[in-house]
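Any chance you could fold what I've pasted below:
(chains A, B and C)
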Amino acid sequence: LPANMRTSTSLKVRLPVLIFALQIVMLVLYSLFVTYDDNANAKMQNNETNPMENSMYRDYPYFADVQVMIFVGFGCLLAFYRFYGFSGIVFTFLTAAFSIQWAILIQGFFQFYDNGKIHIGIINLLNAEFACAVVLISYCAVLGKTSPVQLLVMSLLEIPFFAVTEWAVLKYIRINDAGGTILIHLFACYFGLGVTFVLYRPSLNNGHVKEMTSYNSDILCVLGTLFLWVFWPSFNSALTIKGDDQHRAILHTFIGLCSSTMTAFALTAMFNKRGKLTMADIQNVTLAGGVTVGASVDMMISPVAAYALGIMGCTACFFGYKYLTPFMARRLRIQDQCGIHNLHGLTGLISSMAGICAILLFAELQLLIPGLKPGLGRTAKEQALFQFAAIFATIAASAVGGLLTGWVMSLKCMAAPSDEDCFDDELFLDVPSDFDTGVV
Amino acid sequence: LPANMRTSTSLKVRLPVLIFALQIVMLVLYSLFVTYDDNANAKMQNNETNPMENSMYRDYPYFADVQVMIFVGFGCLLAFYRFYGFSGIVFTFLTAAFSIQWAILIQGFFQFYDNGKIHIGIINLLNAEFACAVVLISYCAVLGKTSPVQLLVMSLLEIPFFAVTEWAVLKYIRINDAGGTILIHLFACYFGLGVTFVLYRPSLNNGHVKEMTSYNSDILCVLGTLFLWVFWPSFNSALTIKGDDQHRAILHTFIGLCSSTMTAFALTAMFNKRGKLTMADIQNVTLAGGVTVGASVDMMISPVAAYALGIMGCTACFFGYKYLTPFMARRLRIQDQCGIHNLHGLTGLISSMAGICAILLFAELQLLIPGLKPGLGRTAKEQALFQFAAIFATIAASAVGGLLTGWVMSLKCMAAPSDEDCFDDELFLDVPSDFDTGVV
Amino acid sequence: LPANMRTSTSLKVRLPVLIFALQIVMLVLYSLFVTYDDNANAKMQNNETNPMENSMYRDYPYFADVQVMIFVGFGCLLAFYRFYGFSGIVFTFLTAAFSIQWAILIQGFFQFYDNGKIHIGIINLLNAEFACAVVLISYCAVLGKTSPVQLLVMSLLEIPFFAVTEWAVLKYIRINDAGGTILIHLFACYFGLGVTFVLYRPSLNNGHVKEMTSYNSDILCVLGTLFLWVFWPSFNSALTIKGDDQHRAILHTFIGLCSSTMTAFALTAMFNKRGKLTMADIQNVTLAGGVTVGASVDMMISPVAAYALGIMGCTACFFGYKYLTPFMARRLRIQDQCGIHNLHGLTGLISSMAGICAILLFAELQLLIPGLKPGLGRTAKEQALFQFAAIFATIAASAVGGLLTGWVMSLKCMAAPSDEDCFDDELFLDVPSDFDTGVV
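Sure thing, here's the model as predicted:
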């Protein structure tokens, strides 16, 4: 196809139009609906209010850690392609900045709405960061094949789907999911797979000439992995109950990550033809433990259980990358670009099952899940069934949402790159003179 | 000019002489004047002192965040030139390390002096980091054209100018400037412009052959932007009153940064000839919102106002880069290398005006600015006038200080690089064998 | 030697076998011995337990900071070789992840064992991170010349040697060593020198063709330095007594680092032939102050003493790199690859002596070392002697441990690289197509 016949991918008009439209909507919604929550409102303070008991001192440290994960960790992790580093880090920046703003509003309506106003404080920002993580995980499934316009549209639609699911599951099914395994990882994974199913590009099944890493991009990606690894305990514990629950969440996450890292190094050497280590495994599979401990992260599951979960999650994730991802691409038309089904889907399912097992095995449900209000009056079996229902409801809702969103993203005006322009920074960004277009 | 005729730029004698002289001065001043503040002094503790109520637990988290911004954030941000990455990150390191030590002493004399001693604790270090940020912002105006000797001299002179201004404005004019918009950003900007006015290099108005980025330096710079972005809420809230004030400061900064980031992406695509994104805009303009919310960051201005300030600051900053910076270089002999007048000056002016408007619009001044002591007894109009006076006093003091400092920096012995040696690491640093001297 | 005659360095069998064996051991030990400490145990909480008084809120911020130092800081710092960046960052990741798990168990048996169980909480993880730092410092002595198998074996042996020494010194000699100068830096240094003495490679005394940096690897390394620099105050203060002790530890560390950074810049320019700055000095020598203040970091030594210690430590470290390291390699068969004897040994000795001097000079021992329990009933001279004994005991134990460990690491099956394969990522890692094997 000659250049002048292709669908235009210029952002000159459509990106500003979309962004300014979104900003006007947000200005209106902010001015009509958003006010401070009591902890941020000077009018709610009086002489007896102790400033150091403000809720921000409990939430802000975790918010800051998650910020580093989202913007620096994800940004570097997604910059792993040799010719797509700018796009990886910059599109993450844009998508994250929009997702958080949007989630503050949408989650606000569902969770923090009172008396005609959304009341915001650090806790909403923290919740919005989790919604943002959902969008970024889904984004990984279509990395390299999407325009910034498509990403903003994906975020615009995914956040409401997520907020509704989150609200319904938390309010009506009342599950325990402290680390967000079900609501964050499973939702994000199946939403992303739904999107990529619709955006299927058959010609890319045999790889793309620019789908490669460079020495520097691989190191940048490891840096991203390390930032995620280091702050993952904060991520998994940010929304637990304060006190011993949060303490355990940090311990389990750390133990799970350590055992999963060890396992990843063993498996990568074992299944490499020449007995060497593969960077892609170190960049991704090491993190599996963080997801796998999620659903039972605050329970009294004992440290050895966290250790075992790390090994199991990592093993499933590793073999998923090796066998399942190629199978899904060839047979199921699901091109999972960064393998989110391995790192978030399989591990998420294991984690959810582990959570259910934990609930079934322990008689003293109250002790296992200290957050469970006595008034809920569920037996262990009932709670297990509710957890089960939540898993399926979440997967179903996310897959449907992903398919619909994928359809919207496939509309003509979205500036989607042609197959040959995928994985190439030059399409949407000005690149410096040393940008390496020749392929080695 | 043949090499042997040029002014020497060897650091062999002058850098050690300057540093050791400074260190001797500091050893003497430290030994004569510096002692611990009550919270760091074992003699001030007794059985009734609760260790966890030590002030360091309130200040250290913000200090640590600002440390990352100064050393990692600024360091990476200023490493954006292809042949000047070593210098960008390393000179920032040296300048910051010296500035903080020096500011501890100088600010100590003005703000923490009691009974013949400067009493230090984390709070002084935090104040000194802000003084250090002032020096680094000014440094941006002359990036690539200065020797480490010049930078130390600049810091040596700027810190006292800043400390006097800060002390006079805070003590006598008594303004509200929680995010440091007036005292940090405006001061730093006009000081830097004063310096660069004196150090004008006409031959560089048409650009320099090494004034370019590389693929890796651009990514490093984005990383710097992200670290600054992520921790900016800590920066803007570090010195506010604890409690709801600090809570609001974090909320406003975050909201302002998000809206400014969105706006920057829209504008960069809109004004790029080929409808692509420009890295330099993403690296700089996205941050404008953090400055713009500064002057009213702890006030009850409402979240939507922070959102609007982010958009306004970002827009002014973007067009400043596009039109004002070239104009200033050609017509006003002010070569603003990194465009600090856009990111800190224009945004700072908008922020200051917004602060004044907020004060004038609200009847209940006490409620708007909870930190305002009732005893001050000022009406809104009076306070607005005082803010106005502070802005002009700060700009005047900083510009005069900058001009004087620039003159000292232009003295022969300062090892200033020749025009052609600008933007080149090789002048002051040993470079590895793959250092890329050929220009593409 | 033809390729088929060399000792195999394939990791295909031996790395998985070793890792899975270690993981089985750990699963068994975790399941038999590891339980939660009271602060992480839901059964120990009741209606009167205030969740916000959980010990994790005091320890976790320091744990998180040290995590960044270990994984990001060390990882980047050790990625400074041009052809060994992958290995530097990835082997650090593996070694650290294993060391921490292992240290939780081993230190647990010595320090947190009660009633047949090891009780874990954040505080154990924090202690384990310090043990991990010990292993990583020792690793620096043999960087580029070891296989991952050797590194795991080193960690496997070093952690118990360290835990026994730590336990004996802290329990029986009862010294003051808040910043870990004696137990961490001196132990790690002499252990590492012991290892490298056994692994002596005469042919590398004249350098290796791949022992060089690149422009990007040097910048990555500076980033590592900056992350270590920024969070060093957290490292030195993490295990001090809470309150004013911790406050002073932060102040002293920061002041020491600042003065040491200034000094490093002066010395590097002064002793460079062409009066330029040397990156290797900036990457390493700037950090000397953090070690040097260690042994007296929480004492009432006065700020000027911290300043002076920074200068002294930095000077010793600088000349160590310049003269001692080459001498040790040629005359003593000790090839100290990254110069740990300068950055941790010499500075550690100075720091220990300074600690002893402080103790001898001050009459009021209780005031100087607030942690000293009155019941200990030691005079200043006695305490000085105990400190002295601890230094020698630590050096002796670590050197013996290092020699033994080095001997185990030199066994045939350890996949040690041949001399010519040192400093080369390709030996143990798959590298991307742009990996630069030709030497410039």
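
Low-confidence ranges, the stretch 51-200 of chain A, go.
By pLDDT under 70, the stretch 51-200 of chain A has no low-scoring segment.

can you list the residues of it near chain B?
Neighbours of chain B within the stretch 51-200 of chain A, by C-beta under 8 Å from any C-beta of the partner chain: A:51-52, A:54-56, A:60-61, A:64, A:67-68, A:71-72, A:75-76, A:79, A:85-86, A:89-90, A:93-94, A:97-98, A:100-101, A:120-122, A:125, A:148. Yep, even glycine has a C-beta here, placed from its N, CA and C like the rest.

Restricted to strands, list the residues you listed.
Judged by DSSP state E, these include A:Ile120 as members of strands.

Give the buried subset of the residues of the stretch 51-200 of chain A next to chain B as a ChimeraX selection command.
To isolate the buried members of these in ChimeraX, using 16 or more other C-beta atoms under 10 Å in any protein chain shown:
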select /A:51,54,56,60,61,64,67,68,71,72,75,76,79,85,86,89,90,93,94,97,98,100,101,120,121,122,125,148
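
And for stretch A:215-226, what's in contact with it?
A:72-82, A:85, A:213, A:279, A:282-284, A:286-287, B:216, B:219, C:71-72, C:75-76, C:79, C:85-86, C:89-90, C:93, C:216, C:220, C:431-432, C:434-436 (C-beta atoms under 8 Å, 6 or more residues apart in numbering or on different chains).

What strand or helix carries A:Val304?
Using DSSP states H and E, A:Val304 maps to helix A:303-319.

Only the buried residues of that helix, if you could.
A:303-318.

I'd guessed A:Met44 sits against B:Gly243; true?
No - using C-beta atoms under 8 Å, A:Met44 is not in contact with B:Gly243, being 10.7 Å away.

Among the two, which residue is more densely surrounded?
Ranked by neighbour count (other C-beta atoms under 10 Å in any protein chain shown), A:Met44 and B:Gly243 place B:Gly243 first, with 21 against 12.

mind listing what the more buried one touches?
With the criterion set at C-beta under 8 Å, 6+ apart, B:Gly243 makes contact with A:Gln45, A:Thr49, A:Asn50, A:Pro51, A:Met52, A:Asn54.

A:Val291 now?
A:Gly179, A:Thr181, A:His185, A:Gly313, A:Leu343, A:His344, A:Thr347, A:Gly348, A:Ser351.

cool, and A:Ser147?
By C-beta under 8 Å, 6+ apart, the contact set of A:Ser147 is A:Thr9, A:Leu11, A:Met414, A:Ala415, A:Ala416, A:Pro417, A:Phe428.

one step back: could you list every helix and strand in contact with the helix holding A:Val304?
helix A:244-270, helix A:288-292, helix A:347-361, helix C:14-33, strand C:34-36 (3 or more C-beta pairs under 8 Å, 6 or more residues apart in numbering or on different chains; DSSP states H and E).

Could you provide the ones you listed in JSON lines, with additional columns for mean pLDDT?
Shown next, in JSON lines, are the helices and strands packed on helix A:303-319 (pLDDT from 0 to 100):
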{"stretch": "helix A:244-270", "mean pLDDT": "97"}
{"stretch": "helix A:288-292", "mean pLDDT": "96"}
{"stretch": "helix A:347-361", "mean pLDDT": "91"}
{"stretch": "helix C:14-33", "mean pLDDT": "96"}
{"stretch": "strand C:34-36", "mean pLDDT": "95"}
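
Those: which one's closest to C:Ser398?
With C-beta to C-beta as the measure, helix C:14-33 is the member of the helices and strands packed on helix A:303-319 nearest C:Ser398 (23.0 Å).

ok, and for that closest one, which residues are buried?
Those buried within helix C:14-33 under the rule 16+ other C-beta under 10 Å are C:Arg14, C:Leu15, C:Pro16, C:Leu18, C:Ile19, C:Phe20, C:Leu22, C:Gln23, C:Met26, C:Leu29, C:Tyr30, C:Phe33.

next one: stretch A:387-399
Across stretch A:387-399, burial judged by 16+ other C-beta under 10 Å covers A:Gln387, A:Ala390, A:Ile391, A:Ala393, A:Thr394, A:Ile395, A:Ala397, A:Ser398, A:Ala399.

Would you work out how far apart the start and end of stretch A:197-213 are?
Start-to-end span of stretch A:197-213 (C-alpha to C-alpha, to the nearest Å) is 25 Å.

ok so, going back, which of the contacts of A:Val291 are buried?
A:Gly179, A:Thr181, A:His185, A:Gly313, A:Leu343, A:His344, A:Thr347, A:Gly348, A:Ser351.

So of the residues you listed, which two are at opposite extremes in space?
Greatest spacing in the buried ones among the contacts of A:Val291, by C-beta to C-beta: A:Gly179 and A:Leu343 (14.2 Å).

I'd like to know how many residues surround the closest residue to A:Ala238 other than its chain neighbours.
Computed as C-beta to C-beta, 6 or more residues apart in numbering or on different chains, the closest residue to A:Ala238 that is not its neighbour in sequence is A:Tyr62, at 3.8 Å. When neighbours are counted by other C-beta under 10 Å, A:Tyr62 registers 24.

The one 3 residues further on now?
Neighbour count of A:Asp65, defined by other C-beta under 10 Å: 25.

Also A:Met299?
When counting by other C-beta under 10 Å, one arrives at 27 neighbours for A:Met299.

quick one: pLDDT of it?
The model reports A:Met299 with a pLDDT of 89.

what's the distance between it and chain B?
As judged by C-beta to the nearest C-beta, to the nearest Å, A:Met299 and chain B stand 29 Å apart.

Convert the C-alpha atoms of stretch A:29-40 to CSV, please.
What follows is stretch A:29-40, C-alpha atoms only, in CSV (Å, rounded to 0.1, in the frame of the first residue of the first chain):
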residue,chain,number,x,y,z
LEU,A,29,-17.7,17.1,36.6
TYR,A,30,-15.0,18.2,39.0
SER,A,31,-16.7,21.6,39.5
LEU,A,32,-20.1,20.0,40.0
PHE,A,33,-19.3,17.0,42.0
VAL,A,34,-15.8,16.9,43.6
THR,A,35,-15.1,18.3,47.0
TYR,A,36,-12.7,17.5,49.8
ASP,A,37,-13.2,14.6,52.2
ASP,A,38,-13.3,15.4,55.9
ASN,A,39,-9.6,14.8,56.4
ALA,A,40,-8.7,17.3,53.7
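
quick one: it to chain centroid distance?
Put simply, stretch A:29-40 sits 26 Å off its chain's centre (C-alpha atoms, centre = their mean, to the nearest Å).

wait, does that stretch contact chain C?
No - judged by C-beta under 8 Å from any C-beta, stretch A:29-40 stays clear of chain C, getting no closer than 14.6 Å.

Could you pull up the residues touching A:Phe112?
By C-beta under 8 Å, 6+ apart, A:Phe112 lies in contact with A:Asp37, A:Ile118, A:His119, A:Ile120, A:Asn124.
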